[in-house]
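Q: what's the 3D shape of this:
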Amino acid sequence: MVWRVIHIKKFYMPDTSDKRIEYAKKELEKLGYISINNSDNADFIVLGVNPEKEYLNYIIPVFAGNVSKKGVIDYTKNEIFAIKNAYLTAEAAISVAINNSDFSLINSPVLICGYGRISKALKRYLEAFTNDITICLRNPQQRAHAESTGAKTISFDELNCREYDFIFNTVPHPVFNKKELKTIKKEALLIELASFPGGVDKHFADYYKINLITAGGLPGKYSPQSAGEIVAHTIDNLIKEEGL
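A: Coordinates of the predicted model:
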């Protein structure tokens, strides 16, 4: 009989310059992993979201967020991570809205552009404040789904922002250009949640004096402990599922 020795990766080096990774480290320790201060004896590296390039050049596996590079495992691409992180983003986006507007969210008309994970989470949370929620989207099947949950829907061709007090964009390509931005009332708040390059023409937003908040990386800013715990469990699952 030939016995196969399975090497289980237990030692890792975390980069705690990202606050999320400080909490991920604590959670990984609960899961049985051991953190060390150098990469020489580590089985893998754990980095934060958008880490510095110098930390990506390791021979051993590197876990990082929002990175497209050979040898790097992007945990933000994991579906379970993306779903959980979307709810943290939505929760923080509502906090941003409350803290940066003179309007109350209660009974306010709200527009959400896009209907991905973050938009769906936003709609669910916003329903505690208002029933006046409109979703702007393109896909007919998604439109039918949104309407079945009680939301009003419009297409991008119908986009007119005059009636909304709060506007959340999650679409990462041009949506709010000169034509659309002209229709936003001065008192309204536009929150950009989409990843780079985003969906808002910032030049015209500035020209029309739009109250624009670019709100990237919200989980790391508003709930780093919860975000870090999600990172830790995602990495643990990836190691087990992929046999790393």
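
Q: any stretches of this protein with poor pLDDT?
A: In the predicted model of the chain, residues 1-9, 53-55, 244 satisfy pLDDT under 70.

Q: residue contacts, residue 43?
A: Contact analysis of residue 43 by C-beta atoms under 8 Å, 6 or more residues apart in numbering lists 9-12, 60-61. Backbone N, C-alpha and C define where each C-beta goes, glycine included.

Q: need the contact partners of the longest helix belonging to the chain.
A: Taking DSSP state H as the criterion, the chain has its longest helix at helix 79-99. Helix 79-99 is contacted by residues 75-76, 105, 116-118, 120-122, 124-126, 129, 166, 168, 189, 191, 193, 213, 215, 218-219, 221-223, 226-227, 230-231, 234, 237 when judged by C-beta under 8 Å, 6+ apart.

Q: one more: stretch 107-115?
A: Outside stretch 107-115, the residues that reach it (C-beta under 8 Å, 6+ apart) are 119, 122-123, 126, 129-137, 139, 142-143, 145-146, 159, 161, 163-171, 175-176, 194, 199.

Q: among these, which are in strands?
A: Restricting those to those inside strands, with DSSP state E as the criterion, leaves 133-136, 166-169.

Q: pick out the most distant pair among those residues.
A: Distances among the ones in strands among the contacts of stretch 107-115 were taken as C-beta to C-beta; the most separated pair is 133 and 169, at 14.5 Å.

Q: the longest strand seen in the chain pairs with which strands?
A: Counting residues, the longest strand found in the chain (DSSP E) is strand 44-49. Looking at strand 44-49 with DSSP bridges, its partner strands are strand 11-14 (parallel), strand 62-65 (parallel).

Q: dump those into JSON lines; add distance to residue 34 as well.
A: Formatted as JSON lines, the entries for those read as follows, by distance: least, C-beta to C-beta, whole Å:
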{"stretch": "strand 11-14", "distance to residue 34": "5"}
{"stretch": "strand 62-65", "distance to residue 34": "15"}
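
Q: could you identify which of those strands is most buried?
A: When the strands paired with strand 44-49 are scored by mean count of other C-beta atoms under 10 Å, the highest mean neighbour count falls to strand 62-65 (a mean of 24).

Q: after that one comes which helix or strand?
A: Towards the C-terminus, the helix or strand next in line after strand 62-65, according to DSSP states H and E, is strand 72-74.

Q: how about the helices in this structure?
A: Taking DSSP H as the criterion, the chain carries its helices at 19-30, 79-99, 117-126, 140-148, 178-181, 202-207, 218-222, 224-242.

Q: looking at those, which is nearest to residue 50?
A: helix 218-222 (9.7 Å).

Q: what comes up buried for that closest one?
A: Judged by neighbour count using 16 or more other C-beta atoms under 10 Å, the buried positions of helix 218-222 are 218-220, 222.

Q: residues contacting that helix, please?
A: Contacting residues not belonging to helix 218-222 are listed as 18-20, 48-49, 85, 88-89, 91-93, 95-96, 193, 226-227, 230 [C-beta under 8 Å, 6+ apart].

Q: centre of the chain to it, how far?
A: Going by C-alpha atoms, centre = their mean, to the nearest Å, the spacing between the C-alpha centre of helix 218-222 and its chain's C-alpha centre is 9 Å.

Q: so residue 153 touches residue 136, yeah?
A: Yes: Residue 153 is in contact with residue 136 according to C-beta atoms under 8 Å; the separation is 7.4 Å.

Q: out of the two, which sits in the more crowded spot?
A: More neighbours sit around residue 136 than around the other of residue 153 and residue 136, counting by other C-beta atoms under 10 Å; the figures are 27 against 18.
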